[in-house]
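A.B. asks: Kindly return the folded structure for what I paste below:
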Amino acid sequence: MPCWLVLQVLFSSMIRTSGRWCGCIAAASCSSSSSSCWALTRTAGGRAGVNHVLIFELNPRSNLSHQHLFEIAGFLGVLWCISILSCLYADSTGLPMQANPLILYGLMLLFLINPFKTAYYKSRFWLLKLLFRVFTAPFHRVEFADFWLADQLNSLVIVLMDLEYLVCFYSMELQWTEVDGLLPHSTGDGKCHSYSYGLRAIIQCLPAWLRFVQCLRRYRDTKRAFPHLVNAGKYSTTFFVVAFAALYSTHRDQDDADAEAFFYLLILFSTISSLYTLIWDLKMDWGLFDRNAGEHTFLREEIVYPQKAYYYCAILENVILRFAWTLQTALTTMTNNPSIPDILATVLAPLEVFRRFVWNFFRLENEHLNNCGEFRAVRDISVAPLNADDQTLLEQMMDQEDGVRHRQGKKSWKRSYSLSLRRPLLSSQSKKDTKVLIEDTDDEAFS
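C.D. replies: Presented below is the predicted three-dimensional model:
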C-alpha cells in the first residue's frame, strides 16, 4: 500500500479546522500505523504460509522484505515529524509555516521518482509502473496486482480529496505574505472545501472509476458476467453516493428546498453501497460463509490462520467500519459546528486505512488458497535432481500424519487444514544458494 500518502492528512485537516489541533493528533497516529501496515501484512501472512511473492508475481531476488518496508516507514515518519515540528515552531525557525507542507511533499515525491539506482530503485519503479497500469486499465489486461492497488486507493479517497484541497488552498486561498498564512483567519469553508466547482466530486469518484473500468476490462477478456460485471456494479454505487452528496451539499448551502430530498437519496444509496460492498468483502474477497465450511462455522473449508477468532473479529470489524459513515452523517446533521465534519473525517480516515489493512490479510489468504488449489500462478519450479538423502527425507515427510491427505468428494483438491510451507531444507539446497537469495535482494536504501 502506498501508505506515505496518508501523511498529508495532517496539513489539510489542520487548515480546514482553522487551527484546531485535535486533527493533527489523529493524523499522526494514522501516519505511523498505516506506514507500516504492509510490512505487518507481509510478516504475519508470511509466517502463516501466504506466498506474497507468488501472488504478486514478484522477482524473489529483488522484492522488499518486511525489514525494508519498516525502514521506509521509519524514514517517512522522521520526515513527517521534522515537518510538523518545523510547522509548529515556525516563529522560532524563521521558516514560513506554509513552506513546510511543500517541502515535505517535495521530498516524498523526490524519493518516489528518484532516477538513480539507490533507495530501492527496482521496487520504486515497480510501484510507478503499477500505478501507470492502474490509470490505464482499459487498454491492457488486468492482473491481480493492478486491481489490488486500485482497491487500496479506494480506501485513500479522503487522502486524495485532502491532497486536492491542499493544491486548491495553495493556489487560491493561501495568505503568502504572512508567516502563519497556513491558518486562515476566516471561519468559512471557502471555495476549495465545497463541491461548487466540480473537481472535488471527480477526485472522490476517481478510485471507484479505476476499479469500475478494470472490471469491464476483465469482463471483455474473460466474457464472464459473474463476477466481473457484478463487481463493476458494486463500484458504480459510489458514483450515485458522490453525486447525491454533492447535490445535497450545494443545495443545503443555498437553503434550497430540494436539499432534504437529496439527503434521503444520499442515505438510501449509501446504505445500498455499504451492504453491497460488505457482502462482496465477506463472500467474494474473503471467501467466507462457504456451505462446505464443515467445522469452520461461517468461514470456509480451508483456513490458514490458526485461530478462528481472527476471522470472526475481522467480520465484526468490517461490518462496523463499513457503516461508520452513519456516525458522521448523524453528527453533521444534528450539530451546526462547521468543524465537526472535518474532525470526523480526520478520525475516520485512519479507521478506513485500518479496515483495508485487515482486509488485506484475508484477501491475500483467499488468493493464496485459490492459487494453490487452481494452479493459477506457478513460478520458480526447481528441476534439480533429487539425491538419496532428499528422497529419504521426502518419504519420511509423507509418512507423517499431516504429510499426505486423501480427500473424497467433488473438490478433492481441497484440504481441511492448511499445511505449513516451512519445510526442512533438502540437502541439495545448499547454504550458498540461500545466501545468494538473501544478498541479492533490492539495493540497500540510501547507499
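A.B. asks: Do a quick rundown of the helices in the stretch 151-300 of the chain.
C.D. replies: Using DSSP state H, counting those that start in this stretch, the helices of the stretch 151-300 of the chain run over residues 157-168, 199-222, 225-253, 259-280.
A.B. asks: Could I get those helices in TSV, plus columns for distance to Asn63?
C.D. replies: C-beta coordinates here come from the backbone N, C-alpha and C atoms, glycine included. Below are the helices of the stretch 151-300 of the chain laid out as TSV (distance: least, Cβ to Cβ, whole Å):
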stretch	distance to Asn63
helix 157-168	25
helix 199-222	23
helix 225-253	28
helix 259-280	29
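A.B. asks: can those go into JSON lines with extra columns for mean neighbour count, mean pLDDT and distance to Trp176?
C.D. replies: Below are the helices of the stretch 151-300 of the chain laid out as JSON lines (neighbours: other Cβ atoms under 10 Å; pLDDT from 0 to 100; distance: least, Cβ to Cβ, whole Å):
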{"stretch": "helix 157-168", "mean neighbour count": "20", "mean pLDDT": "84", "distance to Trp176": "15"}
{"stretch": "helix 199-222", "mean neighbour count": "19", "mean pLDDT": "95", "distance to Trp176": "22"}
{"stretch": "helix 225-253", "mean neighbour count": "18", "mean pLDDT": "94", "distance to Trp176": "27"}
{"stretch": "helix 259-280", "mean neighbour count": "17", "mean pLDDT": "96", "distance to Trp176": "36"}
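A.B. asks: Show me what secondary structure element comes after whichever strand or helix holds Glu71.
C.D. replies: Per DSSP states H and E, Glu71 falls inside helix 66-88. Downstream of helix 66-88, the next assigned helix or strand under DSSP H and E is helix 90-93.
A.B. asks: sorry, back to before: out of the helices of the stretch 151-300 of the chain, nearest to Asn59?
C.D. replies: Proximity to Asn59 (Cβ to Cβ) singles out helix 199-222 among the helices of the stretch 151-300 of the chain, at 23.7 Å.
A.B. asks: who's in contact with that closest one?
C.D. replies: Residues outside helix 199-222 that contact it (Cβ atoms under 8 Å, 6 or more residues apart in numbering): 134-135, 137-138, 140-142, 146-147, 150-151, 153-154, 156-157, 160-161, 164-165, 168, 194-195, 225, 228-229, 231-232, 235-236, 238-239, 242-243, 245-246.
A.B. asks: Give me the neighbour count for the nearest residue to Ile340 once chain neighbours are set aside.
C.D. replies: The spatially closest residue to Ile340, leaving aside those adjacent along the chain, is Leu331, at 5.6 Å (Cβ to Cβ, 6 or more residues apart in numbering). Neighbour count of Leu331, defined by other Cβ atoms under 10 Å: 14.
A.B. asks: May I ask you to confirm that Leu331 is in contact with Leu344?
C.D. replies: Yes. Applying Cβ atoms under 8 Å as the test, Leu331 and Leu344 come out as touching, 6.3 Å apart.
A.B. asks: May I have stretch 120-138 as PDB, with CA atoms only?
C.D. replies: The C-alpha coordinates for stretch 120-138 follow below in PDB (Å, rounded to 0.1, in the frame of the first residue of the first chain):
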ATOM      1  CA  TYR A 120      15.100   0.700  -3.500                       C
ATOM      2  CA  TYR A 121      15.300   1.600  -7.200                       C
ATOM      3  CA  LYS A 122      13.600  -1.600  -8.600                       C
ATOM      4  CA  SER A 123      10.800  -1.600  -6.100                       C
ATOM      5  CA  ARG A 124      10.000   2.100  -6.500                       C
ATOM      6  CA  PHE A 125       9.800   1.800 -10.300                       C
ATOM      7  CA  TRP A 126       7.700  -1.300  -9.900                       C
ATOM      8  CA  LEU A 127       5.300   0.800  -8.000                       C
ATOM      9  CA  LEU A 128       5.300   3.600 -10.600                       C
ATOM     10  CA  LYS A 129       4.800   1.000 -13.300                       C
ATOM     11  CA  LEU A 130       1.900  -0.500 -11.400                       C
ATOM     12  CA  LEU A 131       0.300   3.000 -10.900                       C
ATOM     13  CA  PHE A 132       0.600   3.600 -14.600                       C
ATOM     14  CA  ARG A 133      -1.200   0.300 -15.300                       C
ATOM     15  CA  VAL A 134      -3.900   1.200 -12.800                       C
ATOM     16  CA  PHE A 135      -4.600   4.500 -14.500                       C
ATOM     17  CA  THR A 136      -4.500   2.900 -18.000                       C
ATOM     18  CA  ALA A 137      -6.600  -0.100 -17.100                       C
ATOM     19  CA  PRO A 138      -9.000  -0.200 -20.100                       C
END
